[in-house]
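>>> fold the following for me, if possible:
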Amino acid sequence: MKKIACLTLLAITACSPFMEANRPDPVDMQQFAVGENRLNVLSAIGSPLGTDKQGDQSCDVYKLYTEGHSSTGKGAIAAGEAVVDVFTLGLAEVVFTPAEAATKDDKHAVVFCYDKDSKLVSYTVSEGSAGTE
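Numbers count the residues shown, from 1 in each chain. Prediction:
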């Protein structure tokens, strides 16, 4: 009977910590510097959604998570939620789970532009959300 009670409590208390721990990691935009080779950018963030060529310049378009907690921050939040869930016998999930869903991170449109030698000239991050995918 105790095992069933423990498993039930674990199932009830696992939702919001799981949601927090599985948020995507944001891309650290400060890792990219003007003059960086396009292949280095591609290896860091993958293939673009599209590429636009204008004269000697080309621009790659992405939808990226650029804001959010680090892995350490997410782990600390998830651990805190789990502890509170246990002490409230899962009642905190009534607040935590909707809060996790409401504070879901958004993707932002990011455009990387390169010169004819495939060197990074500039990048821009949109202010508004580019939606989630």
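>>> tell me which element D85 is part of?
Using DSSP states H and E, D85 falls within helix 71-87.
>>> packing partners of that helix?
Counting contacts by 3 or more CB pairs under 8 Å, 6 or more residues apart in numbering; DSSP states H and E, helix 71-87 is packed against helix 2-13, helix 15-21, helix 93-102. For the C-beta atoms, the positions are set from N, CA and C on the backbone; glycine is no exception.
>>> can you tell me which of those helices the model trusts least?
Per-stretch mean pLDDT for the helices and strands packed on helix 71-87 is lowest at helix 2-13 (a mean of 54).
>>> and the residue nearest the centre of the chain, how far from C113?
Closest residue to the average C-alpha location of the chain: P24 at 3.2 Å, with CA atoms, centre = their mean. Here the criterion is CB to CB, to the nearest Å. By it, P24 lies 25 Å from C113.
>>> burial count for Y123?
Around Y123 there are 19 other residues, counting by other CB atoms under 10 Å.
>>> now do the SS call for it.
Using DSSP: H, G, I helix; E, B strand; the rest coil, the structure places Y123 in strand.
>>> residue contacts, it?
M29, F32, V110, V111, F112, C113 (CB atoms under 8 Å, 6 or more residues apart in numbering).
>>> quick one, which of these are buried?
Those of the contacts of Y123 that meet the buried threshold are F32, V110, F112, by 16 or more other CB atoms under 10 Å.
>>> redo these as CSV? Include distance to L91.
Listed next are the buried ones among the contacts of Y123 as CSV, based on distance: CB to CB, whole Å:
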residue, distance to L91
F32, 45
V110, 40
F112, 46
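>>> for N37, phi and psi?
N37 adopts backbone torsions of phi -70, psi 140, taken as degrees, to the nearest 10.
>>> that one pairs with what?
K119 (DSSP bridges).
>>> what's the nearest residue to the residue nearest to the centre of the chain if we skip its chain neighbours?
For P24, ignoring the flanking residues on the chain, the nearest one in space by CB to CB, 6 or more residues apart in numbering is Y65 at 4.8 Å.
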